[in-house]
Each structure stands twice: as structure tokens, then as C-alpha cells.
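[1] Here is a sequence with its predicted model. Questions after.
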Amino acid sequence: MLSIDNELIAAVGAIAAAAPPTPPDVGDWKTRRANIDAVYGGLAAAAASDDRVDVVDFTVPSANGHALALRLYKPTNLPHAIVVYVHGGGLIAGSLDGYDPVCRHYASQAGVAVIAVDYRLAPESPFPAAVEDCVVAVEWAIKHAAERAPGARVAVMGDSAGGGLAAAAAVLSRDRGIGPLAAQVLVYPMLDDRTAAADPGVEPLLAWSAADNVTGWQAYLGDKYGTDAVPASASVARADSLRDLPATYLEVGQLDLFCGETVAYAKRLMDDGVAVHLSVRPGAIHGFDYLAPHSRLARSAFADRVAFLKNL
């Protein structure tokens, strides 16, 4: 029988105790945004400060004249790679500040430069705004590497909705001839808009529910949601071919709504000749590493990701 890792139980219990007794209705993205941002804000405030990186905020032009905010984290050493990081939040929430400790951690521990992307959120900015912002960030990083950090490799990385956007940005970069990308690092990624139900045996343990997922995808896709008109650039699980994508790190918890779609994506990548590192973590729920960052499970996950980034 599946059960949550013992070290995660206290963290999950604390968040559950603070949550409203009744979950928001499907489609209520405003309540979900407020809840998600409150969790991220609290976790960021509680995180240990890491000042071993220099941080620079700037903007670059994106689609439709949008000024895209980026945040660059530079480690003390000359970085061997630039990692474009796409935050989570179900496509409807999340921010640069909420992910500041995460990006500092990867920059300082892996010795890579990290570019965090403040992509536009749904439903105010539906598809393709977010993924186009991510592609712009990838293209900027590749040009920056060529001009100012010769030899540095560029990777795209994200978790949850950010993992799905990172994967979509990799597909669009391939199709548009933007590159090369050294790798894509996808942590419990949101890959398939058709995931609208959960295994009954796992459903009570989910930190991101099927109702949450439907709400996020509806906000992002608008009238396309639930139809065959959804393109692969929105939901990469729909891509006809995954050939010529970069080496891929995939990670997901066994108690995550995204477990099935992540494993299926890993198999499709391997079938199409892409090098894949896949980790399925027993006892892990969605966001386990942020909810319990000092747990053995989280420390092991962070160590694996840092090792992968160091070897880019």
C-alpha cells in the first residue's frame, strides 16, 4: 500500500491545517493563486539566506511588445552552464520572489548561472504567452552565452507547471532552430492537459489534485481546453515526435498526479532516441522538496539535480 514518506507527514499536516476546510471549486483560479503564492511566500521567508551569488534584474522584449522580467543569478566562479529556470504555480501563480531561494541554491551549489523567468500567468495571459516568454529567455541565454560566456552550455529547467513550460520551450526551440540546448531538467512536470482524474488509491494523498489541474489547464488553454485543438507547444505530451530533443532529467514522486504522464513522457523520449535520466521517488508527493526541504528525500533529490547540472 502506498503511503507518504514519514518525514513529509508533518509538513503536509501543517499545510493541511492551514488550508480552508473545503477546497475551491474547479475554475476558481483566484483562490488557488492566493493559496499557492501564500505557500511559496512562506517557504521563501523561512528559507536560509544564501548570499554566495550576485543577482541582477533586467527585462528583454517578448511577444506582443511585452517587457519580460528576468533575474540572473551569477555564482562566484565562472559558470560552465547557464540554466533557464521556469517556476511552478499551475500556470496561474508563482513569481520570481517565491522561487528566489531555489534559484540561489542551484547557482551556488551547481556553479551554474541561473536565469529565472517571470513569465505571464493565465488566465490574464493565456497560451501562448507563457511559453513564448520562456522561448525568449532561452534564446537570450544562448546568445548571451555565445557573446559573454564562450563555452558555457545552456539548459532549460523547471518544476510543476514550470517543468511543462520548460519542456514546451525545448520543443519550440528545436522546431525553430534555436539552440543548441544541452539538457532539459523537468521536475514533476505538468505535461498533459488531458490529465483530469486521479487514481482513487492515490487521490487522498495528492498535494495537487485533479480539480487543481483542470483549473490550471482551463485558465491557460481557454476555449481549446478539452478539444483536439491543443497543440504540442501547449501540452508536450501531444507532440508527434520527440526526436532531437536534448538530454533529459525527469523526476516525479510516486504520489504525484503527474507520475503517470512523466513516466510516459520518459518512455517516449527514450523510444525517440533521447538520453533520459528518470527518478520516481516512492513516498513523495507533489512539491515534496519545497514542503520539507530538510527531509532525506528532498536532500537526495536536490543532490541528484545538482550533480546533473554540474555535469552539463
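    That came through fine. On a predicted model such as this, the values are computed, not experimentally measured, just so you know.
[2] Rank the helices and strands of this protein by mean pLDDT and give me the bottom one.
    Ranked by mean pLDDT, DSSP states H and E, the helix or strand of the chain with the weakest confidence is helix 6-18, at a mean of 79.
[3] Report the buried residues of that helix.
    By 16 or more other C-beta atoms under 10 Å, the buried positions in helix 6-18 come out as Glu7, Leu8, Ala11, Val12, Ile15. Any C-beta I mention is one placed from the backbone N, CA and C, and that applies to glycine too.
[4] go on, stretch 59-71?
    For stretch 59-71, the neighbour count (16+ other C-beta under 10 Å) marks Ser62, His66, Leu68, Ala69, Leu70, Arg71 as buried.
[5] Ramachandran coordinates for the second one?
    Right, the one you point to is His66. Per-residue torsions, His66: phi -70, psi 140 (degrees, to the nearest 10).
[6] Wait, it touches Asp133, no?
    Yes: between His66 and Asp133 there is a contact under C-beta atoms under 8 Å: 7.3 Å.
[7] residues shared between the contacts of those two?
    Shared contacts of His66 and Asp133, defined by C-beta atoms under 8 Å, 6 or more residues apart in numbering, comprise Arg120.
[8] show me where the stretch 51-200 of the chain has helices.
    100-110, 129-148, 161-176 (DSSP state H, counting those that start in this stretch).
[9] on contacts alone, who are the packing partners of the last one?
    This means helix 161-176. Applying 3 or more C-beta pairs under 8 Å, 6 or more residues apart in numbering; DSSP states H and E, one finds that helix 161-176 makes contact with strand 81-86, helix 129-148, strand 153-159, strand 183-187.
[10] for the first one, same thing?
    With contacts defined as 3+ C-beta pairs under 8 Å, 6+ apart, the secondary structure elements packing on helix 100-110 are helix 29-46, strand 53-61, strand 67-75, strand 81-86, strand 113-117, helix 296-310.
[11] can we see that at 10 Å?
    Contact here means 3 or more C-beta pairs under 10 Å, 6 or more residues apart in numbering; DSSP states H and E; on that basis helix 100-110 packs against helix 29-46, strand 53-61, strand 67-75, strand 81-86, strand 113-117, strand 153-159, helix 288-291, helix 296-310.
[12] so can I have JSON lines of these showing mean pLDDT and distance to Leu250?
    Listed next are these as JSON lines, based on pLDDT from 0 to 100; distance: least, C-beta to C-beta, whole Å:
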{"stretch": "helix 29-46", "mean pLDDT": "92", "distance to Leu250": "23"}
{"stretch": "strand 53-61", "mean pLDDT": "95", "distance to Leu250": "26"}
{"stretch": "strand 67-75", "mean pLDDT": "96", "distance to Leu250": "23"}
{"stretch": "strand 81-86", "mean pLDDT": "97", "distance to Leu250": "15"}
{"stretch": "strand 113-117", "mean pLDDT": "97", "distance to Leu250": "20"}
{"stretch": "strand 153-159", "mean pLDDT": "97", "distance to Leu250": "11"}
{"stretch": "helix 288-291", "mean pLDDT": "93", "distance to Leu250": "15"}
{"stretch": "helix 296-310", "mean pLDDT": "97", "distance to Leu250": "11"}
